[in-house]
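Student: Model the following, please.
(chains A and B)
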Amino acid sequence: MSGATGLMWLSKRETLRVSKLWTQTILAPVISSILFILVFGLSLGGRIKQVADVDYEVFIVPGLITMAMVQAAYSNNAATIFQARFDRYVNDVLSAPMHAWQMTLGFTVGGVFRALAIGGSLLVLAVPLVGVPVERPIALVVAVALGLVLFSALGLVAGIYAEAWDHTTFIQNIVILPLAFVGGVFYSVDVLPSPWHELSHFNPIFYLVSGLRYGFLGESDVNVWLSLGVTAALAVPAYLWAQYLFSSGRRLKP
Amino acid sequence: MFKDTAPALELRGLTKRYDDGTLALENFDIEISAGSFFGLLGPNGAGKTTLISAVCNLIRVTSGDVLVFGEPADTLLARSWIGLAEQDINLDRFLTVRETLVYHGGYFGMSGEEADARAEEMIDVFGLTAKRDVRAPRLSGGQRRRLLLARALMHRPRLVILDEPTAGVDFELRLELWRYIRQLHSEGTTILLTTHYLDEAEELCEEIALIRGGRLIARDTAEGLRDDFGVNRLTDVYMKAMEVS
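Tutor: Numbering: from 1, shown residues only, chains lettered A, B, ... in the order given. The predicted structure follows:
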């Protein structure tokens, strides 16, 4: 017995949950992001014209996709594990013959699946709408993978520590969303005056947005290796934190 | 792999102290033979659910050993041998009756085909055919209780742990559940049952242990307990053991 079958079924359960709630988990964030592209890109695009030699409506697409994906990865995993703890059906998984690493990975899959469904949908819609290119596909894949590991793991950690629903939404609304907004989604941080320009470099989402923007447009505010390095340096400990909670049982088991 | 001569469950020096300082079990030893029907009686807070949770890897044990058919309880093999129906209804709200069973089977290592077939069998046995595609929150209390038991049995465990399976159910369902449990035992499954109903323990269990304050007070057959305590009814045994009379 290796636990591999259990991991497969847990992953399947997490993706099934996303699929069953698709209007809430996929459709709603896709619509809101497309509205951002239409409202900010196509209306403001007429006034702003270009940012770093790129049309404004094209410039904002990578950041909007990043913002939608990280929020989805985080909120999905925070909700799924919190709900499972709250209703205590998490016990069905915790008592099953699976290794702790398999539980961590299985619960992570849902957030990744949901974020990819949203990101993929947005890409499919954004290409005909604004003609966004994919200049560096490998960098894009690596940046997406690192970003999703980071925010899926953070979602799990938050959902495991949360005592109430509003604890998970608090982090999303007070930390992730504002950091995404000031992380260069709608502008290049190069145009910011000091000290905002320097402060932006302390925002982890800025590096993720830059990584994805490099993947899409072939250029970004900072070197792609720095973007990927910073995101990886956060993703690895975040995932290890989630893994520690499953292997030690802390917060999951009294 | 499976040690035929090993007891179904062996607890050695099991201690559990919760983070708030509550000592739920203290140096607890017990051995339950394979194939037996064993009852665990005690008041709320006696340590019954803590004991079960320790066996099922649902709490962090402070110290001591838990062996299931000779294997440490935290190994994957030992976990695959245990089926648990918890006291409270803890069904996945996103899954239908059929999915609840199939996914549980999957978590416990069953292939899709095997899990599908077994789920249909359990749905039939537990009279849930009309509700197979209904999500758990839409089931009645009795149907949820039956689904909980079906889920515990889904992966054909060798040791079935039932934590107050008939708490809050009506008399008819109680008799129905008794019938399922008896049949299960007759097929060779070891059963560990906790209950507050003394008549249930006497009716079903071959052997009964009384626990209080995290310690084992007495252990024997119902008849043996009556003799040991010099009383005629199990209720009186319980009252004496718990020092409430």
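Student: nearest spatial neighbour of the residue in chain B positioned nearest to chain A, skipping sequence neighbours?
Tutor: Nearest residue of chain B to chain A: B:Gly106, at 2.8 Å (C-beta to the nearest C-beta). The C-beta positions use only the backbone N, C-alpha and C, and glycine is treated the same way. Of all residues beyond its chain neighbours, the one nearest B:Gly106 is A:Trp9 (2.8 Å), with distances taken as C-beta to C-beta, 6 or more residues apart in numbering or on different chains.
Student: helix or strand right after the strand or helix carrying that neighbour?
Tutor: Assigned by DSSP states H and E, A:Trp9 belongs to helix A:4-20. Toward the C-terminal end, the helix or strand that comes next after helix A:4-20 (DSSP H and E) is helix A:22.
Student: do that next one and chain B meet?
Tutor: No - looking at helix A:22 against chain B by C-beta under 8 Å from any C-beta of the partner chain, there are no contacts, and the closest approach is 12.5 Å.
Student: The residue of the stretch 1-150 of chain A found nearest chain B: neighbour count?
Tutor: Nearest residue of the stretch 1-150 of chain A to chain B: A:Trp9, at 2.8 Å (C-beta to the nearest C-beta). By the criterion of other C-beta atoms under 10 Å in any protein chain shown, A:Trp9 has 27 neighbours.
Student: I'd say it and B:Leu101 touch.
Tutor: No - assessed by C-beta atoms under 8 Å, A:Trp9 is found out of contact with B:Leu101, at 11.8 Å.
Student: What residues does residue 161 make contact with?
Tutor: If you meant another chain, say so; for now it's chain A. A:Tyr161 sits next to A:His167, A:Arg251 when contact means C-beta atoms under 8 Å, 6 or more residues apart in numbering or on different chains.
Student: um, chain B though
Tutor: Contacts of B:Ile161 by C-beta under 8 Å, 6+ apart are B:Ile52, B:Val55, B:Cys56, B:Ile82, B:Gly83, B:Leu84, B:Ala85, B:Ala152, B:Ile191, B:Leu192.
Student: quick one: low-confidence parts of the chain?
Tutor: By default, I'm working from chain A. Applying pLDDT under 70 to chain A flags residues A:45-46, A:49.
Student: try again with chain B
Tutor: Those would be B:1-4, B:244-245, if you go by pLDDT under 70 across chain B.
Student: How about residues contacting the longest helix along it?
Tutor: Looking across chain B with DSSP state H, the single longest helix is helix B:171-186. Under the contact criterion C-beta under 8 Å, 6+ apart, helix B:171-186 has outside partners B:37, B:125-126, B:142, B:145-146, B:149, B:153, B:160, B:162, B:165-166, B:169, B:191, B:193, B:200, B:203-204.
Student: does chain A sit close to the next helix or strand along the chain from it?
Tutor: Using DSSP H and E, the helix or strand that follows helix B:171-186 in sequence is strand B:190-195. No - residues of strand B:190-195 contacting chain A under C-beta under 8 Å from any C-beta: none, with a closest distance of 14.2 Å.
Student: immediately after strand B:190-195, which helix or strand?
Tutor: Scanning onward from strand B:190-195 (DSSP H and E), the first element met is helix B:198-204.
Student: circling back: take the contacts of B:Ile161 and keep only those in helices.
Tutor: Of the contacts of B:Ile161, the ones assigned to helices by DSSP H are B:Ile52, B:Val55, B:Ala152.
Student: Put together CSV for those residues, with neighbour count on each row.
Tutor: Compiled in CSV, the ones in helices among the contacts of B:Ile161 are given as follows (neighbours: other C-beta atoms under 10 Å in any protein chain shown):
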residue, neighbour count
B:Ile52, 21
B:Val55, 26
B:Ala152, 23
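Student: now those residues in a markdown table, with distance to chain A?
Tutor: Below are the ones in helices among the contacts of B:Ile161 laid out as a markdown table (distance: C-beta to the nearest C-beta, whole Å):
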| residue | distance to chain A |
| --- | --- |
| B:Ile52 | 10 |
| B:Val55 | 9 |
| B:Ala152 | 10 |
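Student: which of those lies closest to B:Val97?
Tutor: Closest to B:Val97 out of the ones in helices among the contacts of B:Ile161 is B:Ala152 (14.3 Å), distances taken as C-beta to C-beta.
Student: hang on, that closest one packs against B:Arg146?
Tutor: No - look at B:Ala152 against B:Arg146 with C-beta under 8 Å: they stay out of range, at 10.8 Å.
Student: where's B:Phe38, which helix or strand?
Tutor: Per DSSP H and E: strand B:37-41 holds B:Phe38.
Student: helices or strands up against that strand?
Tutor: Packing partners of strand B:37-41 (3 or more C-beta pairs under 8 Å, 6 or more residues apart in numbering or on different chains; DSSP states H and E): strand B:190-195, helix B:198-204, strand B:207-212.
Student: coming back round to it: so what's the backbone phi/psi at the residue of chain B closest to chain A?
Tutor: phi -60, psi -50 (degrees, to the nearest 10).
Student: next one: B:Gly213
Tutor: Dihedral pair for B:Gly213: phi 60, psi 30, per degrees, to the nearest 10.
Student: For burial, what's the neighbour tally of it?
Tutor: Other residues near B:Gly213 come to 15 when the count uses other C-beta under 10 Å.
Student: For it, which residues are in contact?
Tutor: Applying C-beta under 8 Å, 6+ apart, the residues near B:Gly213 are B:Ala46, B:Gly47.
Student: Ok, which of the helices and strands packed on strand B:37-41 comes nearest A:Val236?
Tutor: Across those, A:Val236 has its closest neighbour in strand B:190-195 (42.3 Å, C-beta to C-beta).
Student: Okay, now the sheet partners of the closest one, with direction.
Tutor: strand B:37-41 (parallel), strand B:159-163 (parallel) (DSSP bridges).
Student: if we look at the one helix or strand A:Phe246 maps to, which residues are touching it?
Tutor: Element membership for A:Phe246 (DSSP H and E) is helix A:224-248. Contact with helix A:224-248 is made by A:100-101, A:103-104, A:108, A:136, A:139, A:142-143, A:146-147, A:149-150, A:153-154, A:156-157, A:160, A:204, A:207-208, A:210-211, A:214, A:220, A:250-252, B:60, as judged by C-beta under 8 Å, 6+ apart.
Student: just the buried members of those residues?
Tutor: For the contacts of helix A:224-248, a neighbour count by 16 or more other C-beta atoms under 10 Å in any protein chain shown gives the buried set as A:100, A:103-104, A:108, A:136, A:139, A:142-143, A:146-147, A:149-150, A:153-154, A:156-157, A:160, A:204, A:207-208, A:210-211, A:214, A:220, A:252, B:60.
Student: How is chain B divided into domains?
Tutor: B:1-81+B:158-245, B:89-156 (automatic domain parsing).
Student: Tell me the spacing between B:Thr50 and B:Thr62.
Tutor: B:Thr50 sits 10 Å away from B:Thr62, going by C-beta to C-beta, to the nearest Å.
Student: Residues that sit against both of the two, list them.
Tutor: Counting by C-beta under 8 Å, 6+ apart, the shared contacts of B:Thr50 and B:Thr62 are B:Lys16.
Student: When the two are compared, which one has more neighbours?
Tutor: Higher neighbour count among B:Thr50 and B:Thr62: B:Thr50, with 24 against 15, using other C-beta under 10 Å.
Student: Spatially nearest residue to that one, not counting backbone neighbours?
Tutor: Nearest residue to B:Thr50, sequence neighbours excluded (C-beta to C-beta, 6+ apart): B:Ala24, at 4.0 Å.
Student: Helix, strand or coil: sort out the one you found for me.
Tutor: What DSSP: H, G, I helix; E, B strand; the rest coil gives for B:Ala24 is strand.
Student: what's near enough to touch A:Val112?
Tutor: By C-beta under 8 Å, 6+ apart, the residues touching A:Val112 are A:Ala73, A:Leu148, A:Val149, A:Ser152.
Student: No further questions, thank you.
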